[in-house]
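*Asks:* would you be able to build a 3D model of this:
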Amino acid sequence: MSETETTPVDVESAIRNRYSARAFLDRPVDTETIREVLDIARWSPSGVNAQPWNVVVATGETRRRLGEALTAHVRSGGPESSQYSYYPEEWTEPYLGRRRACGFQLYGALGIERSDYEARSEAMLRNFDFFGAPAALLVYMTDHIGGGGMADIGMFLQSVMLAAVGKGLATCPQAAIAFYPDVVATVLEPPADHSLICAISMGWPDPDAPVNNFRTERVEVDEFTLWYD
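*Replies:* Sure, this is the predicted structure:
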């Protein structure tokens, strides 16, 4: 078996083992592998089969320049230009608690103290260099579709990430990149009349990085499900 071949993964294992990787090996992902991932994900469901997604893939020198542009903009305090609202104006429970727990776990895995604001800021900036991943997928949605298109995009994103697991790759979905579509457009040419919804960092995970070895919890089924006979 070559280094790019992997053992097939069943669906349950793919879902349970998918995680948001934040450290990647310095090893490129070839275009054909990315194409295979997208070829699987294109079978995602969408309302009336509208398929409202478009993907821009950045690798190599383009990925490097994109990361540099985003990082410099955010580091300098540049303005956001998000084309939709991702987070609520005010966090309430139980979502506030879950958000805080996720942050504590993340910074704990990185060995960063809660009071070390400089280290936390530098860790946050890693988002905008795609955590060193060799490939960045920018996912856009056409503006000529209703809000239900967001559900379609969500299903497509999950399909991309699960297909990547099947190839032995790791991913990290990043809404943070969608806060800066204008900066992205200085490096890439996005599709016309589309909004940037999310980015996905993709690459070979670094198994020795502590940040890749923590896992967030999920609530039990009966905490989010009502049953009626």
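
*Asks:* ok, which stretches of the protein are helices?
*Replies:* In the chain, the segments counted as helices under DSSP state H are 11-17, 31-41, 60-75, 95-109, 117-125, 149-166, 181-187, 221-224.

*Asks:* would you list these in CSV and tack on distance to Leu25, mean neighbour count and mean pLDDT?
*Replies:* Backbone N, C-alpha and C define where each C-beta goes, glycine included. Converted to CSV, these look like this (distance: least, Cβ to Cβ, whole Å; neighbours: other Cβ atoms under 10 Å; pLDDT from 0 to 100):
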stretch, distance to Leu25, mean neighbour count, mean pLDDT
helix 11-17, 18, 12, 91
helix 31-41, 14, 16, 98
helix 60-75, 15, 17, 98
helix 95-109, 18, 13, 89
helix 117-125, 19, 13, 88
helix 149-166, 14, 20, 97
helix 181-187, 24, 17, 98
helix 221-224, 35, 8, 96
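
*Asks:* JSON lines for those, including distance to Arg215?
*Replies:* Below are the helices of the chain laid out as JSON lines (distance: least, Cβ to Cβ, whole Å):
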{"stretch": "helix 11-17", "distance to Arg215": "10"}
{"stretch": "helix 31-41", "distance to Arg215": "23"}
{"stretch": "helix 60-75", "distance to Arg215": "26"}
{"stretch": "helix 95-109", "distance to Arg215": "8"}
{"stretch": "helix 117-125", "distance to Arg215": "18"}
{"stretch": "helix 149-166", "distance to Arg215": "14"}
{"stretch": "helix 181-187", "distance to Arg215": "30"}
{"stretch": "helix 221-224", "distance to Arg215": "18"}
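
*Asks:* nearest to Gln83, out of these?
*Replies:* helix 181-187 (5.8 Å; Cβ to Cβ).

*Asks:* with just CA atoms, put the closest one into PDB.
*Replies:* The C-alpha trace of helix 181-187 is given here as PDB (Å, rounded to 0.1, in the frame of the first residue of the first chain):
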ATOM      1  CA  PRO A 181     -14.300  37.700   2.000                       C
ATOM      2  CA  ASP A 182     -12.900  41.000   0.700                       C
ATOM      3  CA  VAL A 183      -9.400  39.900   1.800                       C
ATOM      4  CA  VAL A 184      -9.800  36.500   0.200                       C
ATOM      5  CA  ALA A 185     -10.900  38.300  -3.000                       C
ATOM      6  CA  THR A 186      -7.500  40.100  -3.200                       C
ATOM      7  CA  VAL A 187      -5.800  36.700  -3.700                       C
END
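
*Asks:* so how far is it off the chain centroid?
*Replies:* Offset of helix 181-187 from its chain centre (Cα atoms, centre = their mean, to the nearest Å): 17 Å.

*Asks:* per-residue confidence at the residue nearest the centre of the chain?
*Replies:* The centroid of the chain falls nearest to Pro173 when counting by Cα atoms, centre = their mean (1.0 Å). Pro173 is assigned 97 on the pLDDT scale.
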